[in-house]
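Asker: Predicted model, plus sequence, below.
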Amino acid sequence: MIWLVLAVAGVAATAVLGAAALRLDSAVPFALCVYLLASAEVIGLTEVLSLLGWIRPAGYAVGQALCFAAAAGAWWWRGRPRPPLRRYDLRAAVNAHPLVAGLAVGIAALVVYEAFLVFATPPNNWDSMTYHLSRAAAWYQRHRVEYVPAHTERENAFQPNSELEILYTFVVVGRDTAAAATQLIAELALLIGVYGCARRLGLTRPASLFAALLTATLSEIALQSVTTQNDLLAASFVVAAVCLVLGTATADLVLAGLAVGLALGTKLTAAPALLILAALAVLRAPWRQRAVTLAVSSAVALALVGFYGYGLNLIETGKPLGRPVAQGETHVDRVTVGGTVSTAARSAFRFFDFSGLNPPDWETSAVSWTGRKVFAGLHIPANPPEATQSGFNFRVNVRANEDVAWFGPLGFLLLLPLSLVFLIRGAARRAPPEAFVLAAAIPLFAVVLALGFKYNVWLGRFFVAPVALTMPLAAYAYRRSTALALSLALVGLFGLYKTVTMSETKPAGVDERAAVWTLPRSSAQTIVRPDLTAVFDGVNDRVPSKSTLGAVLGPDDWDYPLYGPTLERRIVPLPRFRPLAAAERRNIHWVLLNWDAPRPAPRRGWRRRDIPDSAYSLYSD
C-alpha cells in the first residue's frame with residue numbers, strides 16, 4: 001500500500017502541474033482536468049509500456065518520472081501558475097444551507113464506507129470474475145496488453161481502458177487490493193462533473209451541490225462504485241466532456257476532446273453522448289470553430305488513449321469490435337420499429353426500481369398492472385423475439401445488485417419527471433437550450449441502445465451516463481422548493497442506505513448474512529456463486545500458486561479467482577475433448593474441468609479428484 005500511495009501521489013502531482021499550466025479559470029474545470037490528465041497518463045503510459053513489453057514496476061517508475069518532468073517543465077515555462085482555488089466561508093455556507101450540509105455529511109459517510117469496501121474486500125461481481133479482472137491478470141503476467149488465450153472472447157474484444165487502469169494497480173500493489181478504486185474515483189469525478197454542469201447552466205453553488213450529492217444516492221451508481229465494472233468510469237468521462245463543452249475557453253474544448261477519447265476507449269456504449277456533445281458545441285458562437293476544435297481534439301485523443309483496443313481487434317480479427325461471438329446474443333440481429341419501440345419502452349419501465357427496498361406487494365403489483373395496461377393500450381409488444389435476449393415480465397426490481405439494479409426510487413420520482421418537464425419546457429422555449437439537450441439524454445440513449453442491443457435485464461448499467469447528464473437539472477428542484485428538495489434528499493438517503501446495506505455482493509451484516517469483510521477471501525468472492533467456493537478453495541489448496549493450471553471452462557464461467565490472491569498462477573484454456581493429452585503437450589501438470597466438460601477416459605499417470613460440493617474435477621499427473 002505504501003507503493004500505491006507513492007505511485008498515486010506521483011500521478012496526481014503530474015496531473016496537477018499539467019492542469020495548472022493550462023491556466024484554467026475556475027476550480028471545477030481544473031479538477032476535471034486533473035482527473036482526465038491522470039487517467040490519460042496511466043492509460044497512455046500503459047499502452048507505451050505494452051508495446052515495449054515493460055509493464056513492470058520499473059517501467060512505470062521511469063515513465064511516471066518522465067511524465068512528471070514534462071509537466072513540471074510546462075508549468076515552469078508557463079510562469080508557475082497557481083491552481084484556481086478559492087476560499088469559502090464553510091460555517092456561513094452550512095448555516096445558510098443546512099439541507100445541503102446534511103446531505104453532504106451523508107454522502108461523505110457513504111464515500112468512507114465505499115472506500116472501506118474497496119480496500120478491505122475482494123472484487124466479487126459476476127463480470128469481473130468472468131473477464132474484467134481476468135484479462136488484466138493475463139496482461140499482468142505477460143507484461144503487455146495483447147490478445148490472450150481465453151475461455152471467452154470478451155477478454156480480448158471489449159474496449160480496455162478500465163482494465164488498463166486496473167492493470168496499473170496490479171503492477172503497483174501485486175494483487176487486487178486497489179482494483180476497484182478506479183470506479184470509486186470515477187464516482188467522485190462524476191459528482192464533480194454534475195456539479196460543474198449545473199453551475200454552467202447558471203445555477204447557484206448550493207443548488208448545484210445538491211444535484212451532485214443527490215446523484216450519489218442513486219442505486220446503480222452507489223453499487224457500482226465498489227466494483228471493477230466500467231460503467232462509472234465511462235460515465236465520468238462523458239459527464240466531464242459535457243461539463244467542459246458547456247464552457248467557452250478553447251482549453252475546455254480540448255479537454256472535452258480528451259474525455260471523449262477516454263470514454264470511447266472504455267466502453268462503446270458512451271458513443272450516443274457524441275450527439276449530445278455535438279448539440280452543445282454548436283449552441284454558442286462561434287459554433288463552427290467550437291465544433292472543429294472539439295472534433296479535432298476528440299480524434300487526436302481517440303488515437304492516443306482510446307484506439308488501442310480497436311487496433312488490437314483489427315490486427316487479430318480484421319474487425320474493430322472483434323469477433324462477433326464476443327458480443328454474445330446481446331446485439332440486435334434485425335432492427336424493426338416494433339422491437340426498437342419495445343426495448344425503449346421496457347427500459348423506461350425499469351426506471352420503476354426499488355433496489356434494496358421491501359415494498360408491499362400491492363405497490364409493486366400496481367406498477368406491474370399499470371405497465372401491462374400501458375403496453376397493451378399502445379400496442380407495444382412486450383417480448384418481440386428479434387429484440388429480446390432475456391424475457392420481460394413487468395416485474396419490478398427489488399434486488400440490490402449492480403447487474404440488475406437501476407436507480408432506486410428517485411429513478412421514477414425524479415429522473416423521468418425531470419427529463420419530461422425540461423423536454424416540454426425546452427420545446428416551448430421556456431428553458432435554456434442546454435437544459436433541453438441534457439433532458440434529452442435518457443430518451444436519446446434509450447432509442448440508440450434499443451437500435452443496437454436486445455432487451456436484457458442488464459441494460460441499466462448502460463444508462464449511468466445519461467442519468468448523470470440529467471441530474472444537473474435536479475438543481476432546479478432545490479431552487480424551486482425547499483420542501484421538495486428535502487423530500488428528495490430523504491428519499492434518496494433512505495434508498496441509498498437500503499441499497500448499500502442490502503447489497504447482494506457486498507452485504508453489510510444487517511440481516512442474516514455475514515458482513516462481506518468478515519468472510520475468507522474465497523467465500524467473499526463467491527457470495528453470489530456459493531457453489532464455486534469449494535472449487536476455488538480446492539484449487540488454492542492443491543495447485544501451487546506459481547504453477548500453470550489448464551482449464552476447460554464455458555464462456556460465462558468464472559476464471560479470475562483461479563489466478564490466486566497474488567496473481568501468480570497461470571491459466572491456460574484447454575479443449576473440451578482430450579484435455580489431458582493437450583496438457584501433456586504443453587507440459588501442464590494440473591487440469592480443472594468445469595461442470596459440463598466431458599470427463600476423459602482414465603489416462604496413465606493422471607489422478608482425478610472430484611471437488612466436493614461442486615460439479616468440477618481436478619486432475620494432476
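Answerer: Good, I have the coordinates.

Asker: C-alpha from now on. contacts and neighbour counts both.
Answerer: Will do.

Asker: So residue 383: helix, strand or coil?
Answerer: At residue 383 the chain is in coil, as set by DSSP: H, G, I helix; E, B strand; the rest coil.

Asker: contacting residues for it?
Answerer: Listed by C-alpha atoms under 8 Å, 6 or more residues apart in numbering, the contact partners of residue 383 are 342, 391-392.

Asker: likewise residue 517?
Answerer: 117, 120-121, 524.

Asker: for the helix or strand hosting residue 115, packing partners?
Answerer: Assigned by DSSP states H and E, residue 115 belongs to helix 98-120. Counting contacts by 3 or more C-alpha pairs under 8 Å, 6 or more residues apart in numbering; DSSP states H and E, helix 98-120 packs against helix 181-200, helix 205-215, helix 482-501.

Asker: how about it as CSV, C-alpha atoms only?
Answerer: Extracted C-alpha coordinates of helix 98-120, given in CSV (Å, rounded to 0.1, in the frame of the first residue of the first chain):
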residue,chain,number,x,y,z
PRO,A,98,-28.4,23.2,6.2
LEU,A,99,-30.2,20.8,3.9
VAL,A,100,-27.2,20.7,1.5
ALA,A,101,-24.8,20.4,4.5
GLY,A,102,-26.8,17.5,5.9
LEU,A,103,-26.9,15.7,2.6
ALA,A,104,-23.1,16.3,2.2
VAL,A,105,-22.5,14.6,5.6
GLY,A,106,-24.5,11.6,4.5
ILE,A,107,-22.6,11.3,1.2
ALA,A,108,-19.3,11.8,2.9
ALA,A,109,-20.1,8.8,5.2
LEU,A,110,-21.1,6.9,2.1
VAL,A,111,-17.7,7.6,0.4
VAL,A,112,-15.8,6.5,3.5
TYR,A,113,-17.8,3.2,3.6
GLU,A,114,-17.3,2.7,-0.1
ALA,A,115,-13.5,3.2,0.3
PHE,A,116,-13.5,0.7,3.1
LEU,A,117,-15.2,-1.9,0.9
VAL,A,118,-12.8,-1.2,-2.0
PHE,A,119,-9.7,-1.8,0.1
ALA,A,120,-11.0,-4.3,2.7
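
Asker: and that helix, which residues are buried?
Answerer: The neighbour-count check on helix 98-120 (16 or more other C-alpha atoms under 10 Å) flags 99-101, 103-104, 106-107, 110-111, 114-115, 117-119 as buried.

Asker: Quick one: residues contacting the closest residue to residue 189 other than its chain neighbours.
Answerer: Distances taken as C-alpha to C-alpha, 6 or more residues apart in numbering place residue 236 nearest to residue 189, at 6.0 Å, with adjacent residues excluded. Counting by C-alpha under 8 Å, 6+ apart, residue 236 makes contact with 186-187, 189-190, 193, 465.

Asker: residue ranges of the helices in the stretch 301-450 of the chain, please?
Answerer: For the stretch 301-450 of the chain, the helices defined by DSSP state H, counting those that start in this stretch cover 308-317, 337-349, 361-377, 410, 416-427, 433-439, 441-452.

Asker: To residue 500, which of the ones you listed lies closest?
Answerer: Distance to residue 500, taken as C-alpha to C-alpha, is lowest for helix 410 among those, at 15.4 Å.

Asker: follow-up on the earlier one: specify which member of the buried residues of helix 98-120 is nearest to residue 166.
Answerer: For the buried residues of helix 98-120, the nearest to residue 166 is residue 118 (12.6 Å; C-alpha to C-alpha).

Asker: For the closest one, list the residues it contacts.
Answerer: With contact set as C-alpha under 8 Å, 6+ apart, residue 118 has these partners: 177-181, 184, 226-227.
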